[in-house]
Every structure is written in structure tokens, then in C-alpha cells.
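1. predicted structure and sequence below. I'll ask about it afterward.
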Amino acid sequence: APLAGKKKKNKMAEEESRGICVRDVPAKDFIAAYAEHLKNSDKFELPVWSDLVKTAVFKELAPYGDDWYYIRAASIARKVYLRPGLGVGQLRKWYGGSYRKGARTEHFRKANAGVIRSVLLQLGEMKVVEAHPNGGRRMSRVGQQDLDRIAGAVFHDGEE
């Protein structure tokens with residue numbers, strides 16, 4: 001029995017010494033924190049068309065919230081972090097949904113590519129994402145450090 005206690009203590013020390021990454025924090029909390037970071041950043045700008053555009057063909061209206069573009073950007077950044085090589089097409093499929101017109105049968109529709117592309121281009125200009133050699137996007141070293149720093153802040157806020 002005394003050995004079991006020592007092993008547990010050692011494991012706790014390992015947990016503390018290891019850095020916190022995006023995988024360690026809940027998606028909702030991380031996306032909210034990173035969206036706030038993007039909003040406060042002077043490099044990331046809201047496009048002029050953001051209040052007019054729908055996010056997909058199956059939506060009836062543009063998003064209501066003022067911060068929807070930043071939230072989508074944070075979500076896309078998280079997706080690229082978790083799956084390097086992710087491109088516009090795969091993200092369109094991920095953000096897609098069912099298209100219903102009243103009593104007609106449902107069909108899957110992809111999301112708007114323009115929004116996703118503009119977010120990826122802006123994140124690229126900020127040096128957060130870069131082109132993957134095999135196609136798609138991946139996190140740059142600067143971007144990974146940035147996202148891990150924010151994830152760490154979210155993790156420590158959650159502990160308190």
C-alpha cells in the first residue's frame with residue numbers, strides 16, 4: 001500500500017510540470033477566450049461584409065451576435081491546431097448542416113467557404129497558421145505557442 005501512494009504523488013508532479021495545451025481545456029471555454037483575444041488584437045479585423053453574410057446556404061439569416069466572426073475564427077484556429085492539414089473543404093463540411101425547406105426532405109449542405117477562407121487568410125497574415133506541405137493548413141510555431149498560452153490561462157482560471 002505505501003508504494004501506491006508514492007506513485008500517485010509522482011504522477012501529480014508530472015501533471016503539474018507538463019505544459020497545458022488546447023486539448024486539455026474544454027472547447028467552449030477555449031473558443032470564448034481566443035475569440036476575445038482576437039477581438040482585442042489589432043491585427044485581426046472584422047470584414048465589412050460580416051453583418052450581411054450568412055454562414056451557410058441552409059441558414060435563413062446572418063448570425064445575430066456581433067462577435068460571431070471572432071468566435072468562428074477561434075473555432076477554426078482550434079480545429080486547425082487539432083488536425084493539421086485541414087483545408088477549406090473539410091472545414092465547410094464540418095460547419096455544414098441540414099437544409100430544410102418546410103415539408104421537403106432534409107439534405108446535407110456545406111457551409112459558406114468565403115467566411116472560412118477569409119478567416120484562414122487573416123490567421124495566415126497574423127502568422128498563426130501556415131500552408132501545410134501536403135495541402136491544407138497547419139499551425140505555425142508562433143500560433144501554437146499563442147494558442148497554448150491562452151489554453152493555459154483558461155485552464156488556470158478554471159482551477160480557481
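-> Yep, it's here.

2. ok, the residue lying closest to residue 131 once chain neighbours are set aside - contacts?
-> Distance criterion CB to CB, 6 or more residues apart in numbering; nearest residue to residue 131, sequence neighbours excluded, is residue 137 at 6.5 Å. Every C-beta, even on glycine, is put in place using the N, C-alpha and C of the backbone. Neighbour list for residue 137: 80, 84-87, 120, 124, 129-131 [criterion: CB atoms under 8 Å, 6 or more residues apart in numbering].

3. and if you look at residue 23?
-> Neighbouring residues of residue 23 by CB under 8 Å, 6+ apart: residue 82.

4. could you redo the last one with a cut-off of 10 Å?
-> Shown in contact with residue 23 (CB atoms under 10 Å, 6 or more residues apart in numbering): 30, 78, 81-82, 148, 151.

5. ok, residue 95 next?
-> With CB under 10 Å, 6+ apart, residue 95 has these contacts: 55-56, 72, 75-76, 79, 110-113, 115-116.

6. can you give me phi and psi for it?
-> Residue 95 adopts backbone torsions of phi -90, psi 0, taken as degrees, to the nearest 10.

7. ok, now how distant is it from residue 160?
-> Residue 95 sits 33 Å away from residue 160, going by CB to CB, to the nearest Å.
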